[in-house]
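> Based on what follows, work out the 3D shape:
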Amino acid sequence: MSKHKKNRINLIEEKLETMTKTKWAKRMRITSGVTWNLLLLLIISGLTLFIFVGSVGAGYFASLVAKEPLRSKQEMRDAIFTYEETSELYLAGDVYIGKVNSDIERRETKLDSVSPFVIDAVYATEDEYFEQHNGIVPKAIFRGLFQDVTNSDSQTGGSTLTQQLIKNRILTNEVSYERKAKEILLAMRIEHFMKKDEILEAYLNIIPYGRNSNGQNIAGIETAAGGIFATKAAKLNLPQAAFIAGLPQAPFAYTPFKSGGGVKEKEFLQPGIDRMKTVLFRMKETGYITKQQYDEAIAYDITKDFRQPVLRANERYPYLTQEIQNRTVDILSKIIAKKDGVDPGRLDKEVKLKEKYAILATRSMKNDGYRIYSTVNKDIYDKMNDIGNSFEHYGFTYSREVKDSDSGEVQLVEDPVQVGAIMIENSTGKILSFIGGRGHEHEALNHATQAYRQNGSAMKPLLVYAPAIEYGIIGAGSPVVDVKFNVRQSNGSTWSPSNYTSSMEAGIIPAREALSKSLNLATARLYRDIIDRRPAEFLAKMGISKLVPGDYVNYSTSYGGMDIGMSVEENTNAFATFANGGKFLDAYIIEKIEDTDGNIVFQHEAKPVDVFSPETSYIITDMLRDVVKTGGTGSQVSQNMNFSTELAAKTGTTQGYGDAWLVGYNPNVSLGVWLGYKDRTRSLFYGLERQTLHPTARTSMLFARIMNAANDVTPEIIGANSRFERPAGVVSRSFCGISGLAPSAACSSAGLVKTDLFNSKAMLPTRPDDSITSSSYVSVKGKRYLALPSTPGEFITTGGTGVNQAFIDRMLGPWKGDASKLFPANSAFASHVVSGAVFNADDSAPASVSVSLNGSTLTWSNSPSNDVIGYYVYNNGAKIGTIKDSSSNTFSVGSGSYSVRAVDITGKLSNASNVVTKEADKPVEEKAETPPPTENIPPPVTTPPGDNEGVTPPTDEKNDEDDKTGDE
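Numbers count the residues shown, from 1 in each chain. So this is what the prediction gives:
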């Protein structure tokens, strides 16, 4: 350092020293020192306060999250990705029909299936720094906190996408500092467990987007795209993407749709459109779109893209969707119960337990995103319901009064004839289609699956004839007895049923004919022979679910008099057992259920139940084929079908025509049809004068139309050319038609041998018939009785074939009955045989008659006595004529005086009638003639065997079924 430079430094130092010794410099030094010390104190105090506040804040934050459990990575990922998704419904062939009814509709999608416009709009609007932050943006949090503390009018919010995801998936929408603190903590934590794309995808799948065009709540970008714009999330354009991205801020204020469905009025659409424009502006400001794109999007008319309301699955197919959902709940209830360690069988016995798991299953079905596949064929279902809706012969629609439960007001509601029908595939048990009713708005009850009614004579093959064949009691043509009876029941009442035509008694008749004509008396008597074997257990095996103890022992159950009844599904399913060779396959409608990942949660497995032998099933099927032939109660079915197939069927009506049934099947499918009013006391039929078809004619016509339609759309399912295969154990055997025993020489000579089908494994006619005797008989009021030793020979028919008393006792059984009705004049056996009935005659002479003369014709009244076998005609006291019972009470005469006497079965004569005289064509009435002295009885006038005398057969209305009652 040079001397010159050193001198300058010294000079400066000396100068400064001189200045510091001045008075003002001393004051300045003191002031700056104090200021510095104060500044240091302030900094230290500030730091202390900051640390204190920070510690308090941290402590407060810690207290807010103290109860929040430490969640593992897997727990948090499961909570995020296990979001509710609406289950979907499919028909046979994977035909999609819609979604399950739920509180909110959601469908999952992947991020690569979302339009880039949507992602950019979400970034620009909801989280500009999403790619940079670690779950939270501190600046935004403090801004939000400050606005909250100061109660600022401007609330900009501070939640990132991650925080919103945490709030919607793990926490709640509760407004509190505790929830916000947990949200911040979990948002930072989830960022370590999930990639940004995973967080964004989850957000887009869970966020609410208001309503769809039908007014249903929706969530998730895919559901929003379809529900608002009828497009896919991947195909959303810029204005559409901006509109949807703006919805989450106020979903129901910005949604374009009303709560009941349909687009809002113009003024109520504007908030949503303004929000869209805000989103577009932010996209432009943040560089996601250009000025040109912005201008074009602003000018875009978004309202033209809003989707119009569409019918949901439950609106297009109300009965179908409800049935599928009900059965899905039943299945899921048992699955969930089993997972909980609860025996699923308990659900059928414990009501409370069943209700608990039904609630859990319903929630699962609505929200767990299942794919539910049913067995219903859409083509058949649509056609079948078109026919049901357009059928013109249901009958009258009544009105009934119903009191409103809320207002108490009485309202008139329609009460139409309801319908239930179902088609089942025999070999699998699949429910192919059904008709649930006439308008879901009238009644939501599914009349095909949920309504339980007595099935009338449709019960006969299920409970009586098939079991009797299985037990070896009858073959297809074995004789049964259709004769009236009175029997006292266990409750003290007397049961006296009758056939459809109440005066009709068919006598001894082949079983197949009794079934095809639906005769009640023959059915009841046959049931009496087997009831001790509890044939109702066959019904239980075939899935009839509402059996009560009385149904096992009451005779009236034989033709439908169940205490509760059965559904159309159950009845049809039982008949399908015959078509399936005697194996019962429980009908089902749910084929399988898959979860969102395609895993099979449920798969139907068939569990066949052996009910009848193949032989019995074939024989009863062969008998039921006669029902749809001429003379059968279902003959109109064949008349209305437009194709030929092997068809077996049974009709049925109940007391007062409260119900009408027709259930039939071919080798491939079974179809059941039911008609009836909600009010079971209303009759379906008031006579042809009321211009309504007979109920059986209606069910026959509807049945045929459904079969025709099903065959038109799915001939491969109906299988018109299929044939019932006859088992080797079904054989044809000859037998004596009146006894069912093996033909004897007497039976053969009398022409009574018949041939029909038998189950060789159960019974064959081997014991020779021993019922035939020679017979002489008389007619009393149209009924045939054995002649007595004192019966006048003129009235006796000799040389006929009769039956012995042992046969009569065996056929009438414990319930007995009028033996003279075993072979009435209208019987197929009447021309060959007469009954061995003995008339219980009294000791009184018959009452006299009254005679009149009309020209040359003498006529007289019937004697009121019940044992009259005919009349003698007298001229001037001499007998000139014999008139048998059931012949006309007339006699041609010439001039002379005439009278008539009645003759009873014992040979006693009535007093003579009044006498009429024919003189010159003018009859003159004279005093009663004195009875002539006893005279020798002339030789009998013989009538050739087979002379068919007796009552005129009762006239049956065509297609009227022989059902009288379903109750005792």
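> In space, what's closest to the residue nearest the centre of the chain - neighbours in sequence excluded?
The centre of the chain sits closest to Thr449, judged by CA atoms, centre = their mean, with a distance of 1.6 Å. In space, and not counting its chain neighbours, Thr449 is closest to Glu569: 4.8 Å by CB to CB, 6 or more residues apart in numbering. The C-beta positions use only the backbone N, C-alpha and C, and glycine is treated the same way.
> ok, that neighbour to Ser700 distance?
To Ser700, Glu569 is 20 Å away according to CB to CB, to the nearest Å.
> what do you get for Thr48?
99 Å.
> Next: Ala476.
Taken as CB to CB, the span from Ala476 to Ser700 is 23 Å.
> Just want to know which of these two has more residues nearby.
Ser700 (29 against 22; other CB atoms under 10 Å).
> Looks to me like that one is in a strand.
No: Ser700 is assigned helix when assessed by DSSP: H, G, I helix; E, B strand; the rest coil, not a strand.
> OK, contacts around it?
Contacts for Ser700 (CB atoms under 8 Å, 6 or more residues apart in numbering) come out as Gly634, Ser635, Gln636, Val637, Asn640, Thr651, Leu662, Asn959.
> And the residues you listed, which two are furthest apart?
Asn640 and Thr651 (13.8 Å; CB to CB).
> ok, His442 - contacts?
Val413, Glu414, Pro416, Gln418.
> Run a quick neighbour tally on the first one.
Val413 is surrounded by 12 other residues when neighbours are defined as other CB under 10 Å.
> does it belong to a helix or a strand, and which?
strand 410-415 (DSSP states H and E).
> what does that strand rub up against?
Residues contacting strand 410-415 (CB under 8 Å, 6+ apart): 397-404, 442, 677-679, 682.
> circling back to that earlier point, which of the contacts of His442 has the largest number of neighbours?
Gln418 (21 neighbours).
> nearest to Thr278, of the contacts of Ser700?
Nearest member of these to Thr278, counting by CB to CB, is Leu662, at 66.0 Å.
> Tell me what the closest one is bridged to.
Taking DSSP bridges as the rule, Leu662 bridges to Thr651, Val673.
> Just the pLDDT for it.
What the model reports for Leu662 is a pLDDT of 98.
> Please report the distance of the residue lying closest to Lys403 once chain neighbours are set aside from Gly439.
Nearest non-adjacent residue to Lys403, counting by CB to CB, 6+ apart: Val410, 5.3 Å away. According to CB to CB, Val410 and Gly439 sit 22 Å apart.
> So between those two, which is more surrounded?
Per other CB under 10 Å, whichever of Val410 and Gly439 has more neighbours is Gly439, with 14 against 9.
> Could you list the low-confidence segments of the stretch 851-968 of the chain?
Residue ranges of the stretch 851-968 of the chain with pLDDT under 70: 920-968.
> ok, which stretches of it are strands?
851-854, 857-860, 868-875, 878-884, 890-892, 896-904, 915-919, 922-926 (DSSP state E, counting those that start in this stretch).
> Okay, now the sheet partners of the fifth one, with direction.
Using DSSP bridges, strand 890-892 pairs in its sheet with strand 857-860 (antiparallel).
> Report the buried residues of the strand it pairs with.
For strand 857-860, the neighbour count (16 or more other CB atoms under 10 Å) marks Leu858, Thr859, Trp860 as buried.
> do the same with stretch 339-358
Val342, Leu347, Leu353, Lys354, Lys356, Tyr357, Ala358.
> Next step: the residues you listed restricted to helices.
Leu353, Lys354, Lys356, Tyr357, Ala358 (DSSP state H).
> Throw those into JSON lines and include pLDDT and distance to Val893, thanks.
Formatted as JSON lines, these follow (pLDDT from 0 to 100; distance: CB to CB, whole Å):
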{"residue": "Leu353", "pLDDT": "92", "distance to Val893": "90"}
{"residue": "Lys354", "pLDDT": "92", "distance to Val893": "86"}
{"residue": "Lys356", "pLDDT": "92", "distance to Val893": "93"}
{"residue": "Tyr357", "pLDDT": "93", "distance to Val893": "91"}
{"residue": "Ala358", "pLDDT": "93", "distance to Val893": "88"}
